[in-house]
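Student: give me coordinates for this.
(3 chains)
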Amino acid sequence: MKRHLAASAVALMGTTATAQDVSTTVPDAVSAVSPALEHYSANVTKTVWNAESLSMRDRSLVTFAAMVTRGEAEQLDTFTALALDAGVTPAELSETITHLAFYTGWGNATGAAKAMAPVFAERGIAAADLPGASPELLPLDEEAEAARQTMVQDTYGMVSQGVVDYTEEMLFRDLWLRPDLAPRDRSMITVAGLIAAGQPEQMTFHLNRAMDNGLTQEEAGGMLAHLAFYAGWPRVFSAMPVAKEVFANRSE
Amino acid sequence: MKRHLAASAVALMGTTATAQDVSTTVPDAVSAVSPALEHYSANVTKTVWNAESLSMRDRSLVTFAAMVTRGEAEQLDTFTALALDAGVTPAELSETITHLAFYTGWGNATGAAKAMAPVFAERGIAAADLPGASPELLPLDEEAEAARQTMVQDTYGMVSQGVVDYTEEMLFRDLWLRPDLAPRDRSMITVAGLIAAGQPEQMTFHLNRAMDNGLTQEEAGGMLAHLAFYAGWPRVFSAMPVAKEVFANRSE
Amino acid sequence: MKRHLAASAVALMGTTATAQDVSTTVPDAVSAVSPALEHYSANVTKTVWNAESLSMRDRSLVTFAAMVTRGEAEQLDTFTALALDAGVTPAELSETITHLAFYTGWGNATGAAKAMAPVFAERGIAAADLPGASPELLPLDEEAEAARQTMVQDTYGMVSQGVVDYTEEMLFRDLWLRPDLAPRDRSMITVAGLIAAGQPEQMTFHLNRAMDNGLTQEEAGGMLAHLAFYAGWPRVFSAMPVAKEVFANRSE
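Tutor: Predicted structure coming up:
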């Protein structure tokens, strides 16, 4: 409780998130059952969140995406507040759960919405302030999209025409073109979700796309190190060979 | 709250589930933090749930199975009511969680039971109305089962005799023969669970079994498109090559 | 409620966990919505938990680890009590969630801490009784660690130096050397976590390490059979080929 108040106080002061704020995400129960875990948590707060490879704003967004993907709604209010304090806009968080509804399942997004709503309400963020259903979309590279669609149609049309059609209409001609989350960020949370969900087999396309849209190799490496803590070491080690191959192919 | 009342009202009127009912599964928090997600949810309700490839009854059962597999107990009361309204019987839902206890872990089934119990109580569904512990089992194809058992014994007997024995006794000579969930439905929820859990490597056997027991290729394709929303796009795209191979092998 | 009281009564009597105690982990809702699931649960309690391949103490620790990995916090209070009754020490449980923070994600450990804290409080287990942040570490095989570090540095240094550095500093020169959970147990819960998370691709190293540290082949096979119920059959069947190969390579 005390910790939560401290977090709110920081928010009221209008400061952006610092390593100190991140420490508010460790509940008191941790120190009660594992002083060691509390110690490591403090270390993560101080060291990992401040590592130069990735900005604190990106870390808070990546952590938020991993938690949504893992269905960790219980702590998501705290991490929503942290992300907002770190400079992620309400519009970006709103777009993030919408994006992850498609990429990690509707139930995760719905659960996230329930956790976020009180935080948005407290801060006076209303639905009218958030991206609407039909904004003006970003321009589409029609040629690249036609090639993608032809490939997927040819490969999977006879398996499930529904999947092929929804993928074109809802994802690549709509969701990915929504303007209130930058393509680089949209890809970054997609990759974070794939790592957190244990799906390295789907990562090549999206990590390349993220880097095409501005995510640097250093940031990708920083995201892997960050997610080791929030998705678990084995998830990251299963993603490492895929990242290695993507990096190698891009440097050729 | 208003939405929930609407759902109950529909139930009291004894109508079966329609696309309108499905909209009751979207909590108010969604519109508060993401008008876009609310918009997409309405689209899923109208378009996806009414697509001809799969009946609404099957969609509600597949969604229920995916949510149990993903441990999404929080919304399971709503989806239990939806499934009952869509024509899934209480006995079938009861068998579904029992089946998924074995196929997606005991804790998921236990969590589902807690979410379902109040809905069953509200509707006056008592334990005495539900399938008992030892019903008269469906006939077993002894030859096919002997072949399966010999194969598993030879392959894994020295790894874990316990797994081999439990698989025979509890699954193939008991659970799969329980009469209150049709073999086609039992296989359908197993495949839905495997897709939702991200285990395409276990899907070949069960998708073939589902189709042997009456699931059509169009229904299987419809299930993949439906699960894109409830399990997330990447889960479905990892399952597509397996489905493609199963379909191809069956059409030879 | 009645079941919960029975469990406490057993605890007060100072007895260790028996098959009877395990039955307290089945909530009343199960019998309300599925008499069959209640029947199977009783069977699991009587047969599986008493199988000779693995001690009840190990079973309770493996189950606890699987539940933490799967994010099943809701029932974790009951299974915390069960593990303590079965002879797992508070220090070992404390170390277990700290270990799993790294191996299955911080959120799982945090959620577990919240579920465990009331049980520890009820039993008068205070933070001061638990392992501290910086105990005297077990001796390190410097040669083996240097070889491991060189291999990982060479393979992944250019992908994410952060992952490589954190792995050495936090895991292999710290966490794995903490003395209050035996190396055999630390590896056992790691393997249980990998099976429960569906990551057989990461299992070879850790199962070998577990067996190097004293886990017998019979116990490993017993753990697989046990986890079939708590992680689901498909998770175990995906792990079986890996275990088979590890066993075969070790017997050469």
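Student: can we go C-alpha only for contacts and neighbour counts from here?
Tutor: OK.
Student: spell out which parts of the stretch 151-252 of chain A neighbour chain C.
Tutor: By CA under 8 Å from any CA of the partner chain, the residues of the stretch 151-252 of chain A that approach chain C are A:198, A:218, A:220-222, A:224-225, A:228-234, A:238, A:240, A:243-244, A:247.
Student: inside helices: which ones of those residues?
Tutor: When DSSP state H defines the helices, the subset of those inside them is A:218, A:220-222, A:224-225, A:228-231, A:233-234, A:238, A:240, A:243-244, A:247.
Student: so what's the closest residue to A:Tyr230 other than its chain neighbours up against?
Tutor: Nearest-residue entry for A:Tyr230: C:Gly105, 4.6 Å, with adjacent residues in sequence omitted and distances by CA to CA, 6 or more residues apart in numbering or on different chains. By CA atoms under 8 Å, 6 or more residues apart in numbering or on different chains, the contact list for C:Gly105 reads A:228-233.
Student: so which of these is the most crowded?
Tutor: A:Ala231 (30 neighbours; other CA atoms under 10 Å in any protein chain shown).
Student: which regions of the stretch 1-150 of chain A sit below the pLDDT cut-off?
Tutor: The stretch 1-150 of chain A contains residues with pLDDT under 70 at A:1-20.
Student: what helix or strand does the residue of it found nearest chain C sit in?
Tutor: Using CA to the nearest CA, A:Ala36 is the residue of the stretch 1-150 of chain A that sits closest to chain C, at 4.2 Å. Per DSSP states H and E, A:Ala36 falls inside helix A:35-43.
Student: remind me what that helix packs against, helices and strands.
Tutor: Applying 3 or more CA pairs under 8 Å, 6 or more residues apart in numbering or on different chains; DSSP states H and E, we find helix A:35-43 packed against helix A:28-33, helix C:90-104.
Student: thinking again about what came up before, mind putting the contacts of C:Gly105 into CSV with pLDDT and distance to A:Glu252?
Tutor: Below are those laid out as CSV (pLDDT from 0 to 100; distance: CA to CA, whole Å):
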residue, pLDDT, distance to A:Glu252
A:Ala228, 98, 28
A:Phe229, 98, 31
A:Tyr230, 98, 32
A:Ala231, 98, 31
A:Gly232, 98, 31
A:Trp233, 98, 29
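Student: how about those residues, which pair is most distant?
Tutor: Greatest spatial distance in these: A:Tyr230 and A:Trp233, 8.6 Å, computed using CA to CA.
Student: give me every residue that touches the closest residue to A:Asp129 other than its chain neighbours.
Tutor: Using CA to CA, 6+ apart and skipping the chain neighbours, the partner closest in space to A:Asp129 is A:Ala91 (7.8 Å). A:Ala91 sits next to A:129-131, A:180-181 when contact means CA under 8 Å, 6+ apart.
Student: again with A:Tyr40
Tutor: C:Ala133.
Student: are any of the contacts of A:Ala91 buried, and which?
Tutor: The neighbour-count test (16 or more other CA atoms under 10 Å in any protein chain shown) marks A:130-131, A:180-181 as buried among those.
Student: tabulate those residues (a markdown table), appending distance to A:Asp58 and secondary structure.
Tutor: Below are the buried ones among the contacts of A:Ala91 laid out as a markdown table (distance: CA to CA, whole Å; DSSP: H, G, I helix; E, B strand; the rest coil):
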| residue | distance to A:Asp58 | secondary structure |
| --- | --- | --- |
| A:Leu130 | 20 | coil |
| A:Pro131 | 20 | coil |
| A:Asp180 | 16 | coil |
| A:Leu181 | 13 | coil |
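Student: just put those in a markdown table and tack on distance to C:Ala73.
Tutor: Formatted as a markdown table, these follow (distance: CA to CA, whole Å):
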| residue | distance to C:Ala73 |
| --- | --- |
| A:Leu130 | 33 |
| A:Pro131 | 34 |
| A:Asp180 | 35 |
| A:Leu181 | 33 |
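Student: got the residues of the stretch 1-150 of chain A near chain B?
Tutor: Applying CA under 8 Å from any CA, we find that the stretch 1-150 of chain A lies next to chain B at A:71, A:94-95, A:97-98, A:101-107, A:110, A:113-114, A:116-117, A:120, A:126-127, A:130-134.
Student: need the buried ones from those selected in ChimeraX.
Tutor: This is how ChimeraX selects the buried members of those, with burial counted by 16+ other CA under 10 Å:
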select /A:71,94,95,97,98,101,102,103,104,105,106,107,110,113,114,116,117,120,127,130,131,132
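Student: where along the stretch 101-250 of chain A do the helices fall?
Tutor: Per DSSP state H, counting those that start in this stretch, the stretch 101-250 of chain A carries helices over the ranges A:106-122, A:142-156, A:161-166, A:183-196, A:203-212, A:217-231, A:233-251.
Student: now A:Ser160: phi and psi?
Tutor: When read as degrees, to the nearest 10, the backbone of A:Ser160 gives phi -160, psi 100.
Student: tell me the contacts of it?
Tutor: A:Ser160 touches B:218, B:220-222, B:224-225, counting by CA under 8 Å, 6+ apart.
Student: nearest to C:Ala192 among those?
Tutor: Closest to C:Ala192 out of the contacts of A:Ser160 is B:Leu224 (30.1 Å), distances taken as CA to CA.
Student: how many other residues sit next to the closest one?
Tutor: For B:Leu224, the count of nearby residues is 29 (other CA under 10 Å).
Student: correct me if wrong: it contacts B:Pro234.
Tutor: No - contact criterion CA atoms under 8 Å: B:Leu224 and B:Pro234 do not qualify, at 11.2 Å.
Student: the inter-axis angle of the helix holding A:Ala36 versus helix C:106-122?
Tutor: Using axes from the mean of the first three to the mean of the last three CA atoms, to 10 degrees, the inter-axis angle of helix A:35-43 relative to helix C:106-122 is 140 degrees.
Student: return the list of helices and strands in contact with the following helix or strand past helix A:35-43.
Tutor: Per DSSP H and E, the first helix or strand lying C-terminal to helix A:35-43 is helix A:56-69. The contact analysis (3+ CA pairs under 8 Å, 6+ apart) places helix A:56-69 against helix A:76-85, helix A:90-104, helix A:106-122, helix A:183-196, helix A:217-231.
Student: among those helices, which is nearest C:Asp77?
Tutor: Closest of these to C:Asp77 is helix A:76-85, at 21.7 Å (criterion: CA to CA).
Student: buried residues of the closest one, list them for me.
Tutor: A:76-85.
Student: nearest spatial neighbour of A:Ala243, skipping sequence neighbours?
Tutor: C:Val159 (6.8 Å).
Student: for the closest residue to the residue of the stretch 1-150 of chain A closest to chain C other than its chain neighbours, what are phi and psi?
Tutor: Excluding the flanking residues, the one nearest A:Ala36 by CA to CA, 6+ apart is C:Ala133, at 4.2 Å. With angles defined as degrees, to the nearest 10, C:Ala133 sits at phi -70, psi -30.
Student: my guess is C:Ala133 contacts A:Ser31, does it?
Tutor: No - counting by CA under 8 Å, C:Ala133 sits too far from A:Ser31 to count as a contact (10.6 Å).
Student: re earlier: go through the contacts of A:Ala91 and say which is closest to C:Leu61.
Tutor: Closest approach between the contacts of A:Ala91 and C:Leu61, by CA to CA: A:Leu181, at 43.5 Å.
Student: that closest one and A:Glu92 touch, don't they?
Tutor: Yes - counting by CA under 8 Å, A:Glu92 is a contact partner of A:Leu181 at 5.3 Å.
Student: for burial, what's the neighbour tally of A:Arg148?
Tutor: A:Arg148 has 13 neighbouring residues, counting by other CA under 10 Å.
Student: break chain A down into its domains, please.
Tutor: Domain ranges of chain A: A:2-129+A:182-251, A:141-181, per automatic domain parsing.
Student: which residues are common contacts for C:Ala133 and A:Ser31?
Tutor: Joint contacts of C:Ala133 and A:Ser31 (CA under 8 Å, 6+ apart) are A:Leu37.
Student: all set now, cheers.
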